[in-house]
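*Asks:* pasting the sequence and the predicted model now:
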Amino acid sequence: MSSHAGTIDHHHDHTTSTGIPNKKLFMWAFLASDCMFFGALISSHLIYRLHPPPGSPDASKIFSIELTSFSTFILLMSSLLMALAVNSLQKGQVKSTRRNLLGTIFFGLIFLACQVYEFSHFVHEQGLTLSNSVFGSTFYTLTGTHGCHVAIGVLWLVLMYIRSFKPADADEGRAWLLKSFLHLIVFGVTVVAAMASMLGLVHAYQTGDGFGGFLHHHPLTFAVTLAGLTALWFLGRSKGQVDFGEANAIDVESMGLYWHFVDIVWIVIFTAVYLLEYL
Amino acid sequence: MASHAAHSPELHHADSHAHESKFHIFVQIAMILAVITGVEIVLIYLPLYKWLVVSSLIILSTVKFLLVIFYFMHLRWDKLFCTILFFIGLLLAGGTAWALLLLFGAEASAPIEAVQATLRHLA
């Protein structure tokens, strides 16, 4: 059941000794520890760049600044949508929150698809693997760990989106559990099919086959994507009151903190790992 | 969890206005972040001194970092303790990275010529 807007103080909790909601405090403590984790990975990469062993690849010839800039822009905009999702739920606007969550998921997936494409391009066309140079080892470990964080964030966003459909009527609990499980499965299948379709489409255009060539080589993937999107639209239709509203804003805010953290880590990686290679 | 304080219509209106203005703040911050990213990309192609470009990139990234944590992550509106907690982790991470870079960036840490020659031979 959706509570009325403006009845909850979202920045102060008078029931805890710190005045901060426990979920938020936990998340900030976790993010502080994650800073140290990424600090170690980024410095390892930079140290090996200071003294590259003989035969090290020239990173500026491998990287694609256009692709990385696009990924950075996408991640920044996903952060905006995440902030708007939190803002919407703090006002008790569930539909707007769902739309913003879906937008964040979509942008997060585009970022992941760009990373999959980048890694695939580096391995198959540039010959840069995890084990054939120190540069490859530190680069893939750092950006791969960040990518795992993004993937976990996307999964969390999907689960929160599905959670927003929980009916207020407790009698519908078991049916909702089954429906939400189906929702998650459909989401997973659609995401995998959509990413495979997107990569297939990019490959088709690169080889000059165009959309016709893509359809000829990947008819099943494209069909599954379309069927999955239709099923998601069907499952996303909401009827009746839901047990999701302003009181859940702290859950979405904690998730938002994690998502923004992923964004700030990328801000550092973009400068320290990518841009500095061009100087 | 959070308190349920009674709100007058005026307070309710003020709260709704605060949320509305936050929407505009978030959009403006996102635009600033996009512009700074564009400036960073242009900077690396400009024929400027390397130290100037590196310093500018570090400053611009720090500005982006601070904008995200203080506005998108609500640190500006939250209790100071959240900021202190996060900055403890950040300072420990930054200090460790700084120390490692100074240690391994020093002349004495460079691989010695004999080792380099052997590696070159093996390669």
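*Replies:* Yep, it's here.
*Asks:* show me the helices in chain B, by range?
*Replies:* B:9-43, B:50-67, B:80-105, B:113-122 (DSSP state H).
*Asks:* go on, chain A?
*Replies:* A:22-50, A:59-62, A:65-90, A:94-124, A:134-163, A:173-206, A:210-217, A:219-235, A:249-269.
*Asks:* and the most centrally placed residue in chain B, how far from A:G256?
*Replies:* What sits nearest the mean C-alpha location of chain B, by Cα atoms, centre = their mean, is B:F65, with 2.2 Å. In this view, B:F65 and A:G256 are 17 Å apart by Cβ to Cβ, to the nearest Å. C-betas here are computed from N, CA, C, even on glycine.
*Asks:* likewise A:L155?
*Replies:* 15 Å.
*Asks:* comparing those two, which residue is more hemmed in?
*Replies:* Using other Cβ atoms under 10 Å in any protein chain shown as the criterion, A:L155 and A:G256 rank with A:G256 on top: 29 against 16.
*Asks:* quick one: the more buried one and A:L81 touch, right?
*Replies:* No. Using Cβ atoms under 8 Å, A:G256 makes no contact with A:L81, being 10.0 Å away.
*Asks:* tell me which helix or strand of chain B sits lowest on mean pLDDT?
*Replies:* helix B:113-122 (a mean of 68; mean pLDDT, DSSP states H and E).
*Asks:* about what we covered before: which one of the helices of chain A lies nearest to B:S21?
*Replies:* The closest of the helices of chain A to B:S21 is helix A:65-90. By Cβ to Cβ, the value is 10.4 Å.
*Asks:* same for that closest one, what does it pack against?
*Replies:* helix A:94-124, helix A:249-269, helix B:9-43 (3 or more Cβ pairs under 8 Å, 6 or more residues apart in numbering or on different chains; DSSP states H and E).
*Asks:* winner for burial among the ones you listed?
*Replies:* Greatest average neighbour count among the helices and strands packed on helix A:65-90 goes to helix A:249-269 (a mean of 23), per mean count of other Cβ atoms under 10 Å in any protein chain shown.
*Asks:* for the nearest residue to A:H149 once chain neighbours are set aside, what are its contacts?
*Replies:* Leaving aside its chain neighbours, A:H149 sits nearest to A:V262 (5.0 Å; criterion: Cβ to Cβ, 6 or more residues apart in numbering or on different chains). Applying Cβ atoms under 8 Å, 6 or more residues apart in numbering or on different chains to A:V262 gives the contacts A:75, A:146, A:149-150, A:153.
*Asks:* how near is A:V262 to chain B?
*Replies:* 10 Å (Cβ to the nearest Cβ, to the nearest Å).
*Asks:* and that residue, how far from A:F111?
*Replies:* Distance from A:V262 to A:F111, counting by Cβ to Cβ: 9 Å.
*Asks:* overlap in contacts of the two?
*Replies:* A:75, A:150.
*Asks:* burial count for the residue of the stretch 51-200 of chain A found nearest chain B?
*Replies:* Using Cβ to the nearest Cβ, A:L80 is the residue of the stretch 51-200 of chain A that sits closest to chain B, at 3.8 Å. Counted with other Cβ under 10 Å, the neighbours of A:L80 add up to 22.
*Asks:* now do the same contact list for it.
*Replies:* B:26-27, B:29-30, B:72 are the contacts of A:L80 under Cβ under 8 Å, 6+ apart.
*Asks:* of those residues, which are in range of chain A?
*Replies:* Subset of the contacts of A:L80 in contact with chain A: B:26-27, B:29-30, B:72, counting by Cβ under 8 Å from any Cβ of the partner chain.
*Asks:* just flag the most distant two among those residues.
*Replies:* So, these by Cβ to Cβ: farthest apart are B:V27 and B:F72, at 11.4 Å.
*Asks:* re earlier: out of the helices of chain B, which is closest to A:S238?
*Replies:* Across the helices of chain B, A:S238 has its closest neighbour in helix B:9-43 (22.5 Å, Cβ to Cβ).
*Asks:* worst-scoring helix or strand of chain A, pLDDT-wise?
*Replies:* Scanning chain A with mean pLDDT, DSSP H and E, the lowest is helix A:59-62, at a mean of 86.
*Asks:* how about A:G103: what's its closest non-neighbour residue?
*Replies:* Nearest non-adjacent residue to A:G103, counting by Cβ to Cβ, 6+ apart: A:L81, 4.2 Å away.
*Asks:* burial of the one you found, as a residue count?
*Replies:* Here the number of neighbours of A:L81 (other Cβ under 10 Å) works out to 22.
*Asks:* that one touches A:T104, doesn't it?
*Replies:* Yes. In this structure, A:L81 is within contact of A:T104 by Cβ under 8 Å, at 4.5 Å.
*Asks:* ok, the nearest residue to B:R76 once chain neighbours are set aside to chain A distance?
*Replies:* Nearest non-adjacent residue to B:R76, counting by Cβ to Cβ, 6+ apart: B:F70, 4.5 Å away. Distance of B:F70 to chain A, computed by Cβ to the nearest Cβ: 11 Å.
*Asks:* how confident is the prediction for B:F70, by pLDDT?
*Replies:* Listed pLDDT for B:F70 reads 94.
*Asks:* ditto for B:V27
*Replies:* pLDDT at B:V27 comes out at 94.
*Asks:* now do the contacts for the closest residue to B:L100 other than its chain neighbours.
*Replies:* Nearest non-adjacent residue to B:L100, counting by Cβ to Cβ, 6+ apart: A:S43, 4.6 Å away. Applying Cβ under 8 Å, 6+ apart, we find A:S43 in contact with B:96-97, B:100-101.
*Asks:* extract the C-alpha set from stretch A:123-142 and format it as PDB.
*Replies:* Backbone C-alpha positions of stretch A:123-142 (Å, rounded to 0.1, in the frame of the first residue of the first chain) are rendered in PDB as follows:
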ATOM      1  CA  VAL A 123      40.900 -10.400 -27.300                       C
ATOM      2  CA  HIS A 124      40.000 -11.300 -30.900                       C
ATOM      3  CA  GLU A 125      41.400  -8.300 -32.900                       C
ATOM      4  CA  GLN A 126      44.000  -6.700 -30.700                       C
ATOM      5  CA  GLY A 127      45.400  -9.900 -29.200                       C
ATOM      6  CA  LEU A 128      45.200  -8.600 -25.700                       C
ATOM      7  CA  THR A 129      44.300 -11.400 -23.300                       C
ATOM      8  CA  LEU A 130      44.300 -11.800 -19.500                       C
ATOM      9  CA  SER A 131      47.500 -13.700 -19.500                       C
ATOM     10  CA  ASN A 132      49.700 -12.500 -22.400                       C
ATOM     11  CA  SER A 133      50.900  -9.300 -20.700                       C
ATOM     12  CA  VAL A 134      50.900  -7.600 -17.300                       C
ATOM     13  CA  PHE A 135      48.900  -4.700 -18.900                       C
ATOM     14  CA  GLY A 136      46.200  -7.200 -19.900                       C
ATOM     15  CA  SER A 137      46.100  -8.800 -16.500                       C
ATOM     16  CA  THR A 138      45.700  -5.600 -14.500                       C
ATOM     17  CA  PHE A 139      43.400  -4.000 -17.100                       C
ATOM     18  CA  TYR A 140      40.900  -7.000 -17.300                       C
ATOM     19  CA  THR A 141      41.000  -7.500 -13.500                       C
ATOM     20  CA  LEU A 142      40.200  -3.800 -12.800                       C
END
